[in-house]
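Colleague: Only the shape, not the letters, is given here:
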Ligand code: HBI
Ligand code: FE
């Protein structure tokens, strides 16, 4: 027992989670007794604020699945969520102390196990926290795991990640995850709506991603997303829009290896760059 903490990007402070609790696969039991009344209140306040913002901005797929998380008043017990989730799509959520390394992350996804950070932000971090906490992981990601198409896509992503790790292509593949599962938009109701967890768990970015004239919105193309850099500490400057959920799953039927090889010859694309001839949505 006991794993080294994981850090992505640069930070002045060590990761929050207690990695000494983690098993070899980085999972840990949800320490339910450790939650204070203040923690449950933070969850309820975040849930209430965020769910009120969803209509007209979040994908209907997400809005319809949200009640599957259970009551908003308390932090859900992972076992209770799992009773419903496993029946719906064969997925389970597993506790983790925070961000975990890429290969163990991919390996859990490939087994239809979604890692959920078990601790919640402090009240003074209500508006913003850089690293994922239980609100981002559970509220942002888990509702769409009830959707059979997204459920299959995320598992395929995990399997693809294990291959990408062997090919040294994790960076390119991670950009696909970033621009779909974390910050994806979908065409719905004659406009665009958010389905990415990073947007759905953010009060400010939800409206910005759908309505602001500032960011670029482009139709999702696999190779384009793989080449596009991203920022982790600001609202996104480019979003990629899918026509429907099936489009994501369709991507996974192609072999990415030749694509990685080809894209290594091409330059990366800046977070707010447009290529000649590209049309915004
Ligand atoms: N670990 N717990 C956790 N949650 C993530 O979303 C996550 C991670 N490790 C790596 C990672 N994401 C990304 O780099 C993946 O796209 C590979
Ligand atoms: Fe996330």
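Modeller: Yes, it's here. This is a predicted model, so every value here is computed, not measured. Ligands and ions are numbered 1, 2, ... in the order given.

Colleague: Tell me where the chain has helices.
Modeller: Counting by DSSP state H, the chain has helices at residues 37-53, 60-65, 78-89, 102-110, 134, 142-145, 148-167, 170-177, 197-200, 203-211, 222-227, 245-251, 256-263.

Colleague: got the residues of the stretch 51-200 of the chain near ligand 1?
Modeller: Neighbours of ligand 1 within the stretch 51-200 of the chain, by Cβ under 6 Å from any ligand atom: 96, 99, 100, 102, 105, 115, 132, 174, 177. No exception for glycine: its C-beta is placed from N, CA and C like everyone else's.

Colleague: Now, of those, which are buried?
Modeller: Neighbour-count burial (16 or more other Cβ atoms under 10 Å) is assigned, among these, to 96, 99, 100, 102, 105, 115, 132, 174, 177.

Colleague: Verify the contact between residue 20 and residue 2 for me.
Modeller: Yes: with contacts counted by Cβ atoms under 8 Å, residue 20 reaches residue 2, the gap being 4.5 Å.

Colleague: can you pull the contacts of the most centrally placed residue in the chain?
Modeller: For the chain, residue 182 is the residue whose C-alpha lies nearest the centre (Cα atoms, centre = their mean; 3.7 Å). Residues near residue 182 by Cβ atoms under 8 Å, 6 or more residues apart in numbering: 196, 197, 198, 199.

Colleague: And for the closest residue to residue 266 other than its chain neighbours, the neighbour number?
Modeller: Distances taken as Cβ to Cβ, 6 or more residues apart in numbering put residue 227 closest to residue 266, at 6.2 Å, once the chain neighbours are dropped. Residue 227: 18 surrounding residues under other Cβ atoms under 10 Å.

Colleague: so what pLDDT did residue 227 get?
Modeller: On the pLDDT scale, residue 227 is placed at 96.

Colleague: tell me the contacts of residue 18?
Modeller: residue 97.

Colleague: That one and ligand 1: what is the separation?
Modeller: From residue 18 across to ligand 1, the span is 14 Å (Cβ to the nearest ligand atom, to the nearest Å).

Colleague: do the same with residue 65
Modeller: Residue 65 is 19 Å from ligand 1, by Cβ to the nearest ligand atom.

Colleague: wait, what's in contact with the residue nearest to that residue when sequence neighbours are not counted?
Modeller: Once flanking residues are discounted, residue 65 sits nearest to residue 143: 3.9 Å by Cβ to Cβ, 6+ apart. The contact partners of residue 143, by Cβ under 8 Å, 6+ apart, come to 62, 65, 66, 68, 69.

Colleague: can you pick the most crowded of these?
Modeller: Highest neighbour count within the contacts of residue 143: residue 62, with 25 neighbours (other Cβ under 10 Å).

Colleague: Quick check: closest non-adjacent residue to it.
Modeller: Once flanking residues are discounted, residue 62 sits nearest to residue 143: 5.3 Å by Cβ to Cβ, 6+ apart.

Colleague: What score does that neighbour have for pLDDT?
Modeller: Residue 143 is given a pLDDT of 98.

Colleague: re the thing from before, make a markdown table out of the buried ones among the residues of the stretch 51-200 of the chain next to ligand 1 and add pLDDT.
Modeller: Shown next, in a markdown table, are those (pLDDT from 0 to 100):
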| residue | pLDDT |
| --- | --- |
| 96 | 97 |
| 99 | 92 |
| 100 | 93 |
| 102 | 93 |
| 105 | 97 |
| 115 | 98 |
| 132 | 93 |
| 174 | 95 |
| 177 | 96 |
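
Colleague: farthest-separated two in these?
Modeller: Comparing all pairs in those by Cβ to Cβ, the longest separation belongs to 96 and 174, at 17.3 Å.

Colleague: For burial, what's the neighbour tally of residue 164?
Modeller: Neighbours of residue 164 under the rule other Cβ under 10 Å: 23.
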